[in-house]
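Peer 1: Have a look; sequence and predicted model below, questions after that.
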Amino acid sequence: MHIRTVLNIIAILLLILDGFLLACGALAYYYGEYLSMRGFLFAAIGSGGAAGIILALTRKKVKQTLSPRDGFMFVTLSWITASAVGALPFWISGAIPGYADAFFETMSGFSTTGASILTNIEAMPKSLLFWRSLTHWLGGMGIVVLAVAILPLLGIGGMQLMRAEAPGPSVDKITPRIAVTAKYLWLIYIGFTVIETVLLMFGGMDLYESLTHAFGTVATGGFSTKNLSIKHFDSAYIDWVVTLFMVLAGINFTLHFRLLMGNLGELRKNTELKAYLAIFIAASIAISIGLYGKVYEDYSESLRYAAFQAASFVTTTGYATDNYENWPIFAQMILFMLMFVGGCAGSTGGGIKVIRIVTLLKQGLNEMKFLIHPRGVFILRLSGYPVRKNIVYAISGFFYLYIFLLLVVMLIVSTSGADLTTSITTALATVGNIGPGFGLVGPVDNYAFYPDYVKWVLSFAMLVGRLELYTVLVLFTPMFWRK
């Protein structure tokens, strides 16, 4: 493993992060929030100094290519480093006095989880809330992808980083060069952000509110600048705009690219996309029927709230327009089931991912066919293409590790005295990068009541969930460290 190369790229990443910190520091100055400005400046100076020292020490013997081990190590360390530095403005300014809380909030941002320890969001300085939402946006497409887009300029290859960070069972390259791929992804990502921002401004939000909520939507993060989340605006127009962009953000971004290129055939035959939309539509209709006449008298209103919350859960965004814990148990159960799904591979959504669920379901059906026809040949296909057995094995392993991690996190959370519902959904909401859950971590609650040791564990859970388990957990295997 090339430690010098890994540290060198992390230093570059810190310098990129410094640019965003300084921009938020300027915003703090504009709003007259001088304690926040100090926090941003000290964080930028400290991380910039550390980056300079690392670059000076590692400028020699930097490898031109990265091994898979280098990629796993860099991606994991980059998320931890970004969260550690990103937490400093909250902590130094005193807005979040405890560093464990500040780190939890920042990891929740970069991992696009949306779990929060803030009890009064609107009392926070606007510049810090903007930084909080910006961590979503940076983490959504991946800080690593941003770095990959510029690393070729520095003579460093990036495919290994993309493989390690890409949120799905495989990396689908849009173009032959990975750097060009990353740039196209970012252009689409920025385009969605700009369009949603403009549409939200038409709905009555100001630029600040529109931009921060667009960050949370496109990144499927869910941080809001309001205590009541999207419910604060009480607007059907805003609800439907956010619902639309949550659904779009949960779709594989390579499909967005192909759609822009006029390749409609890819969309029509894509198994994951059809399953994803079917799950969303079916859940929305089922929940709306459960709400109609019991919670809302008008069906269009029932559908509006049902579709919003279904999109929020299936894409792991975490926004809310109502306290769904007051809904009928049938509707709550559907939302609970959606916590196990997640968005599409290659999207900004978290969770298990639709492609894995479809693959395991099809494999299960094939196994039943084998029982009836032991000598039959049944090929598992997705989007018309055969799926190799090694991919099925990898997905099966992922699913087992996902469930095992959920059980471990549930057990640790329960030691804090949390009830069963809270413990279960806390694990689901953090490992799946969803944010709110049920019980004491419901849509009108937060994670502030947990002791620090639980917050550190949950921060780790968010990291592992965001980086697709294998990327982080492989570092804990003895084989990884053997030469």
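Peer 2: Yes, it's here. Residues are numbered from 1 along each chain as shown.

Peer 1: For the rest of this, base every contact and every neighbour count on C-alpha atoms.
Peer 2: Fine.

Peer 1: For the stretch 151-300 of the chain, just list every one of the strands.
Peer 2: For the stretch 151-300 of the chain, strands defined by DSSP state E, counting those that start in this stretch do not occur.

Peer 1: Which residue of this structure lies farthest from its centroid?
Peer 2: What lies farthest from the middle of the chain is residue 375; by C-alpha atoms, centre = their mean that is 43.2 Å.

Peer 1: hang on, that residue in a strand?
Peer 2: No - using DSSP: H, G, I helix; E, B strand; the rest coil, the assignment for residue 375 is coil, not a strand.

Peer 1: Check it and give its pLDDT.
Peer 2: On pLDDT, residue 375 comes in at 81.

Peer 1: got the phi/psi numbers for it?
Peer 2: Torsion angles at residue 375 (phi, psi; degrees, to the nearest 10) stand at phi -100, psi 10.

Peer 1: quick one: buried residues of stretch 443-456?
Peer 2: By neighbour count with 16 or more other C-alpha atoms under 10 Å, stretch 443-456 contains the buried residues 443-448, 450, 454-456.

Peer 1: Equivalent analysis for stretch 2-22, please.
Peer 2: Under 16+ other C-alpha under 10 Å, the buried positions of stretch 2-22 are 2, 4-15, 17-18, 20-22.

Peer 1: Now render the buried residues of stretch 443-456 as JSON lines, adding pLDDT.
Peer 2: Compiled in JSON lines, these are given as follows (pLDDT from 0 to 100):
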{"residue": "443", "pLDDT": "94"}
{"residue": "444", "pLDDT": "91"}
{"residue": "445", "pLDDT": "93"}
{"residue": "446", "pLDDT": "94"}
{"residue": "447", "pLDDT": "97"}
{"residue": "448", "pLDDT": "96"}
{"residue": "450", "pLDDT": "97"}
{"residue": "454", "pLDDT": "98"}
{"residue": "455", "pLDDT": "98"}
{"residue": "456", "pLDDT": "98"}
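
Peer 1: Which of these fall in helices?
Peer 2: 454-456 (DSSP state H).

Peer 1: Just give me the closest of those residues to residue 60.
Peer 2: residue 456 (35.6 Å; C-alpha to C-alpha).

Peer 1: Pretty sure the closest one sits against residue 102.
Peer 2: No - between residue 456 and residue 102 there is no contact under C-alpha atoms under 8 Å: 10.7 Å.

Peer 1: Quick check: which ranges of the protein have low pLDDT?
Peer 2: Applying pLDDT under 70 to the chain flags the ranges 1, 61-65, 143-144, 146-178.

Peer 1: longest single helix anywhere in it?
Peer 2: helix 3-31.

Peer 1: tell me which residues in the helix or strand following that one are buried?
Peer 2: Downstream of helix 3-31, the first helix or strand assigned by DSSP states H and E is helix 34-58. For helix 34-58, burial by neighbour count (16+ other C-alpha under 10 Å) applies to 35-44, 47-48, 51-52, 54-55, 58.

Peer 1: which secondary structure elements does the longest helix of the chain contact?
Peer 2: Here helix 3-31 touches helix 34-58, helix 68-86, helix 126-141, going by 3 or more C-alpha pairs under 8 Å, 6 or more residues apart in numbering; DSSP states H and E.
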